[in-house]
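Peer 1: Provided below are the primary sequence and the corresponding predicted coordinates.
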Amino acid sequence: MNAFEIRPIRADDDATIASIIRTVMPEFGACGAGFAINDPEVDWMHRAYNAPRSAYFVVEREDRVCGGAGIAPLEGGDADTCELRKMYFLPELRGLGAGAAMMSRCLQAARGFGFRRCYIETLTGMDAAMRLYERTGFRRVDASLGATGHGGCDRYYVLDL
């Protein structure tokens, strides 16, 4: 039995997931312009991901939302490319396999929406996340794709779906 459950985001999860994102990002130095911490979408994730070819999932542990991640079309990118977005977990969720399970759920949704590639932006210092991406089959690319607005990120990955 898993120590967590992954489910689609609900409107009543918005404040919790916004708090998680704004708590976790500074832990990795992701503060200031160019990071999701200042993205107004963070405050209304349910509505933002209730768009075509988009989905956001939360992870619950002991009936408490402890993290989330989503996929959406890559802004300014090819129509067949999605972006894995806003994947953040509280410390108590890390090391339980939730990252791999969430990645699988998001990639399954991406394939279901007909995407052929998935793109991720991250930053130096998010070593565990980068190891997860690489274990999943993502390959590092030298430059950003699309127009995500995440100017603070400095590591880029792509996976053929």
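Peer 2: Received the coordinates, thanks. Numbers count the residues shown, from 1 in each chain.
Peer 1: residues near Pro8, how many?
Peer 2: Using other C-beta atoms under 10 Å, Pro8 has 15 neighbouring residues. The C-beta positions use only the backbone N, C-alpha and C, and glycine is treated the same way.
Peer 1: strands of the chain, start to end?
Peer 2: Counting by DSSP state E, one finds strands in the chain at the ranges 5-8, 55-61, 64-73, 81-89, 117-122, 139-141, 155-160.
Peer 1: for the last one, the averaged confidence score.
Peer 2: In this case it means strand 155-160. For strand 155-160, the mean per-residue pLDDT is 94.
Peer 1: so what's the residue count around the closest residue to Val141 other than its chain neighbours?
Peer 2: Using C-beta to C-beta, 6 or more residues apart in numbering and skipping residues adjacent in sequence, the residue nearest Val141 is Tyr156, 4.9 Å away. Neighbour count of Tyr156, defined by other C-beta under 10 Å: 19.
Peer 1: quick one, what contacts Tyr156?
Peer 2: Tyr156 sits next to Tyr119, Ile120, Glu121, Thr122, Arg140, Val141, Asp142, Ala143, Ser144, Leu145 when contact means C-beta atoms under 8 Å, 6 or more residues apart in numbering.
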